[in-house]
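Colleague: what's the 3D shape of this:
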Amino acid sequence: MKVSKLAANLIGSEIVKIGNEVNDLKAKGAEIANLTIGDLNSNIYPIPAKLKEEIQKAYQNNLTNYPPANGLLSLRKQVSNDLKNRWNLDYDANDILITAGSRPLIYAVYKTIVDEGDKVVYPTPSWNNNHYAYLTSADAIEVKTTPENNFLPTADDLRPHLSGAVLVALCSPLNPTGTMFTREQLTEICELILEENKNRSEDEKPLYLMYDQIYSNLTFGAEHVDPVSLFPEMREYTIYIEGISKCLAATGVRVGWGFGPAHIIDKMKALLTHVGAWAPKPEQEATAKYFEDAADVNAFIDDFKGKLETSLKVLHAGIQDLKGKGLAVESIEPMGALYLTIKLDYIGKTKPDGTVIGNSSDLVFYLINEAGVALVPFSAFGEAKSEPWFRASVGGLATEEISSMMPKLEKALNNLK
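Modeller: Coordinates of the predicted model:
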């Protein structure tokens, strides 16, 4: 049966494919340390108790009809206050758009700015930019990054590609690596974008920056920096992506927000009215009520990110211990988010059954079956399958589970020759 060309050529998520394999094995009784999902085990990491109470109260009060297209005013006002208090960013409630998590926002940024054939620049690895570029028929320019720069693009990496581009998509802390831009790195990139826009005529689209900072509250000692705080002039060109999904362990509550230039946010709102991507009204009401208590919000975030940091450090120490034993592994010290970047340099090695690990996906499925450890290869984030780098997400496991999986991982890797 015929379908649209877009649907026919759409590539499914490699993360979902791996997750399905893990779920099938778990259903058969296998014990799998699932480090694949950028999600949280809600029994280990429940949402804030006061937020849960407010959600229940909102449903009891029958707040179950449509919310306003751009989100409840009470929530947009609270987001505006939080941006001012947390990042010293001045955005009015009318500059803020509430949606069901951050994905509709990212899609709307692409659809609002990008015409067919327009150049979009983003680094690899990065989450889902390749798919959003495909959905908007963009001319996708993938900028390969290096472990030496924590898999973040430098100004020098981006410079050759900005002429004629309409959008640069960046994220910090970065999914999948858990690494962050330094003040110097982001300063140099913003200077490039400002210079490029100075050279454009009024007839040309500006070069916009989509800055995804959904993990900005989950940082471990490193300073989170953002474009407009560095350069007020960047306000005209920067669209931010944020929300509660990660920082409040609320991935399923589905409350996100974007903010930026009014003419972009208004068009994003208009687009999404036809998609119906608003966050549920009870969850919006509850989030607004919860954010009235800034002390509780901050206390939750501090406790939550401390637990994540502990788990990431345990995993990082475990990988470094294997490295010390002579295994071909490496990891980058975590800076933020839920993720550890791990190198497992075993592509080309032979399994006990005589077959060869041909690429990163082969290694993933070998480790699932032989070690009960599930990782996501960087090929899911735009890298080649020949790259031996992987994302490990600690949100689904207790710290003790991470420790107990390490001997199994060590044994499985040692069995490769």
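
Colleague: in the chain, which residue is closest to the centre?
Modeller: residue 175 (4.1 Å; CA atoms, centre = their mean).

Colleague: show me the contacts for it.
Modeller: Contacts for residue 175 (CB atoms under 8 Å, 6 or more residues apart in numbering) come out as 38, 126, 127, 214, 215, 337, 339, 381, 391. Every residue, glycine included, has its C-beta placed from N, CA and C.

Colleague: which parts of the protein are helices?
Modeller: All helices of the chain, identified by DSSP state H, fall at 5-9, 14-27, 49-60, 73-87, 103-113, 129-135, 155-158, 183-198, 227-230, 262-273, 281-291, 294-324, 360-371, 399-414.

Colleague: any chance of CSV for the ones you listed, columns mean pLDDT, distance to residue 238 and mean neighbour count?
Modeller: Below are the helices of the chain laid out as CSV (pLDDT from 0 to 100; distance: least, CB to CB, whole Å; neighbours: other CB atoms under 10 Å):
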stretch, mean pLDDT, distance to residue 238, mean neighbour count
helix 5-9, 92, 29, 9
helix 14-27, 85, 28, 15
helix 49-60, 98, 28, 16
helix 73-87, 98, 12, 18
helix 103-113, 98, 11, 23
helix 129-135, 96, 17, 20
helix 155-158, 98, 15, 16
helix 183-198, 98, 9, 17
helix 227-230, 98, 5, 19
helix 262-273, 97, 10, 18
helix 281-291, 98, 23, 23
helix 294-324, 98, 23, 17
helix 360-371, 96, 34, 21
helix 399-414, 97, 36, 17
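
Colleague: need those helices in CSV with distance to residue 34, can you?
Modeller: Listed next are the helices of the chain as CSV, based on distance: least, CB to CB, whole Å:
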stretch, distance to residue 34
helix 5-9, 29
helix 14-27, 5
helix 49-60, 24
helix 73-87, 32
helix 103-113, 21
helix 129-135, 22
helix 155-158, 33
helix 183-198, 32
helix 227-230, 35
helix 262-273, 32
helix 281-291, 26
helix 294-324, 13
helix 360-371, 9
helix 399-414, 9
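
Colleague: which of the ones you listed sits closest to residue 205?
Modeller: Across the helices of the chain, residue 205 has its closest neighbour in helix 103-113 (7.3 Å, CB to CB).

Colleague: which strands or helices does the closest one pack on?
Modeller: The contact analysis (3 or more CB pairs under 8 Å, 6 or more residues apart in numbering; DSSP states H and E) places helix 103-113 against strand 96-99, helix 129-135, strand 165-171, strand 208-212, strand 238-243, strand 256-259, helix 262-273.

Colleague: would you tell me which of those gets closest to residue 323?
Modeller: So among the helices and strands packed on helix 103-113, strand 165-171 is nearest, using CB to CB, at 27.4 Å.

Colleague: give the buried residues for the closest one.
Modeller: Using 16 or more other CB atoms under 10 Å as the burial criterion, the residues of strand 165-171 that qualify are 165, 166, 167, 168, 169, 170, 171.

Colleague: return the member of the residues you listed nearest to residue 224.
Modeller: Nearest to residue 224, judged by CB to CB, of the buried residues of strand 165-171 is residue 171 at 11.8 Å.

Colleague: so what pLDDT did the closest one get?
Modeller: If you check residue 171, the pLDDT there is 98.

Colleague: wait, it touches residue 216, no?
Modeller: No: using CB atoms under 8 Å, residue 171 makes no contact with residue 216, being 10.0 Å away.

Colleague: mind listing what residue 137 touches?
Modeller: 114, 116, 117.

Colleague: so which of these is the most crowded?
Modeller: residue 114 (23 neighbours; other CB atoms under 10 Å).

Colleague: setting aside sequence neighbours, what's the nearest residue to that one?
Modeller: In space, and not counting its chain neighbours, residue 114 is closest to residue 136: 4.5 Å by CB to CB, 6 or more residues apart in numbering.

Colleague: distance of the one you found from residue 265?
Modeller: 18 Å (CB to CB, to the nearest Å).

Colleague: ok, residue 367 next?
Modeller: For residue 367 relative to residue 265 (CB to CB), the value is 43 Å.

Colleague: same deal with residue 127?
Modeller: From residue 127 to residue 265 the distance is 22 Å (CB to CB).

Colleague: right, I'll call it a day here.
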